[in-house]
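In: Sequence first, then the predicted structure, then my questions.
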Amino acid sequence: MKSVGRVLYLIGPLFILRSKKVRIRDIGAEAYVGDKRIGKIIELFGPVDDPYIKIVSRRDIKDRKSFVGKDVSIR
């Protein structure tokens, strides 16, 4: 698993992260906090050198706020 960043905040069903080492080819990858699948990367935006990541969360996740500040990784 490759760490991609930490959840900064939420916008509705979206998690916003500051990127560590994400590439364009990682769009569409499943995102995890520990062993729990939280969603899928749908977009990279912002500065090219240090972009943000937008992850759409799974519909069955009830308490999205509990993921703020958590490290996210992809497989």
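Out: Yes, it's here.

In: what helix or strand does the residue most central in space within the chain sit in?
Out: Against the mean C-alpha coordinate of the chain, by CA atoms, centre = their mean, the closest residue is Ile55 at 4.4 Å. Here Ile55, judged by DSSP states H and E, is contained in strand 52-57.

In: List the buried residues for the following helix or strand past that strand?
Out: Next in sequence after strand 52-57, counting helices and strands by DSSP H and E, comes strand 71-74. Using 16 or more other CB atoms under 10 Å as the burial criterion, the residues of strand 71-74 that qualify are 72-74. For glycine as for every other residue, the C-beta is placed from the backbone atoms N, C-alpha and C.

In: Throw those residues into JSON lines and include pLDDT and distance to Leu14, thanks.
Out: Shown next, in JSON lines, are the buried residues of strand 71-74 (pLDDT from 0 to 100; distance: CB to CB, whole Å):
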{"residue": "Val72", "pLDDT": "95", "distance to Leu14": "13"}
{"residue": "Ser73", "pLDDT": "94", "distance to Leu14": "18"}
{"residue": "Ile74", "pLDDT": "92", "distance to Leu14": "16"}
